[in-house]
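>>> Test case, fold it:
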Amino acid sequence: MSDIIKEIEAEQLKAEVPAFNVGDTVKVYGKIKEGNRERVQVFEGTVLKMQGGSNRATFTVRKSSNGVGVEKTWPLHSPNVEKVEIVRKGKVRRAKLTYLRDRIGKKAKVKELVK
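Down below sits the predicted model:
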């Protein structure tokens, strides 16, 4: 990769990124633009997967809203992601939790990591 591209990508990285992993329950504070106003909306759910690196890194969060599963993929270093707050740590043994898509209710829970 070119040095120019690396330099541009380094400028776009956020200074502080919270350390969370797959299986954690997080609150993502995302900026939403409605007309000429901008507001912050919270999306709370379980992190299903993390992928990519550098400024292309993304993470997918899944929550159940009115009995329907909703997934959103967020760019980690996006200016539209105001902050990511960790609610609880999860104990998982996989890198991607796609099997949670088929489960409903208590079966879709991830055990909490107790230290």
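
>>> Low-confidence ranges, the protein, go.
Along the chain, segments meeting pLDDT under 70 span 1.

>>> The top strand by length along it pairs with which strands?
Determined from DSSP state E, the single longest strand within the chain is strand 37-51. The strands beside strand 37-51 in its sheet (DSSP bridges) come out as strand 25-34 (antiparallel), strand 58-65 (antiparallel).

>>> what's in contact with the strand or helix carrying A10?
Following DSSP states H and E, the helix or strand that holds A10 is helix 3-12. With C-beta atoms under 8 Å, 6 or more residues apart in numbering as the contact definition, helix 3-12 has outside contacts at 54-55, 77. (Glycine included, C-beta is placed from N, CA and C.)

>>> Is it possible to mark the buried ones in the residues you listed?
With burial judged by 16 or more other C-beta atoms under 10 Å, the buried subset of the contacts of helix 3-12 is 55, 77.

>>> now, which of the contacts of helix 3-12 sits nearest N66?
Of all those, N66 sits closest to H77, with 31.2 Å by C-beta to C-beta.

>>> thought the closest one was touching G52?
No. Using C-beta atoms under 8 Å, H77 is not in contact with G52, being 10.0 Å away.

>>> Tabulate the contacts of helix 3-12 (CSV), appending secondary structure and distance to R93.
Output for the contacts of helix 3-12, formatted as CSV (DSSP: H, G, I helix; E, B strand; the rest coil; distance: C-beta to C-beta, whole Å):
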residue, secondary structure, distance to R93
S54, helix, 27
N55, helix, 29
H77, coil, 28
